[in-house]
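> Provided below are the primary sequence and the corresponding predicted coordinates.
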Amino acid sequence: DAGVIQSPRHEVTEMGQEVTLRCKPISGHDYLFWYRQTMMRGLELLIYFNNNVPIDDSGMPEDRFSAKMPNASFSTLKIQPSEPRDSAVYFCATGTSAYNEQFFGPGTRLTVL
Amino acid sequence: GEDVEQSLFLSVREGDSSVINCTYTDSSSTYLYWYKQEPGAGLQLLTYIFSNMDMKQDQRLTVLLNKKDKHLSLRIADTQTGDSAIYFCAESGGATNKLIFGTGTLLAVQP
């Protein structure tokens, strides 16, 4: 198995643009998590899904952020419009429960100018 | 709410032992984990311990759990330059049914 796949690995965009981050989970993992990592705030859980259904989105910072999981093989995190304070590394992680081992992707480093 | 705290930075010399500490607040935690994040990569599970254990050893790694004080530690014996990374502790199985990560400790190993 290739592990969790995220794309793009790096994204540089201008303020106000729409950004879409993508994640392909490990086959058979029915939990998917989106995290954001910054120096100031550390690792923050944004949202997680179980069987493609959003379970807890309390970490989503504001309405500019949205996440979808249309099927078991794909999830997106969208920021519209993006702002410089959204600059961070965004990780997707998957697992077989909400609180057992999670397998992390390599992350997407987002820079908003 | 639940909180997991770690010191931010630890520097050791190659060959010495490293001890990374973590405190947590949720006494109902079932599992406690140590993850490692190398530069430019995602987190990777190093080891874990059940809350009914007080010690677990895995090669150079020793995890100690003091449940009364809600204190978790990770000892790395014979620390190598390849151990330089950020180490996160995490707890789970508690009230929120989620994995709660600590702030991370940057371990710098000097040759």
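Yep, it's here.
> remind me which residues of the chain are low pLDDT?
I'll assume chain A. A:1 (pLDDT under 70).
> chain B is the one I meant
B:1-2, B:93-97.
> for it, just list every one of the strands.
With DSSP state E as the criterion, chain B has strands at B:4-6, B:9-13, B:18-24, B:31-37, B:43-50, B:55-58, B:61-66, B:71-76, B:85-92, B:100-101, B:105-110.
> out of these, which is closest to A:Ser66?
A:Ser66 lies closest, by Cβ to Cβ, to one member of these: strand B:100-101, at 23.2 Å. The way it works is simple: take the backbone N, C-alpha and C, and place the C-beta from them, glycine included.
> quick one: contacts of the closest one?
A:42-43, A:45, B:2-4, B:24, B:26, B:35, B:88-92, B:94 (Cβ atoms under 8 Å, 6 or more residues apart in numbering or on different chains).
> stretch A:104-111 now?
Stretch A:104-111 is contacted by residues A:3-13, A:19, A:21, A:23, A:37, A:79, A:82, A:86-93, B:40-44 when judged by Cβ under 8 Å, 6+ apart.
> relative to B:Pro39, how far out is the spatially closest residue to B:Leu10 that is not a sequence neighbour?
Spatial nearest neighbour of B:Leu10, excluding adjacent residues (Cβ to Cβ, 6 or more residues apart in numbering or on different chains): B:Leu107 at 5.2 Å. Noted for B:Leu107: a distance of 12 Å to B:Pro39, by Cβ to Cβ, to the nearest Å.
> nice, that's everything, thank you.
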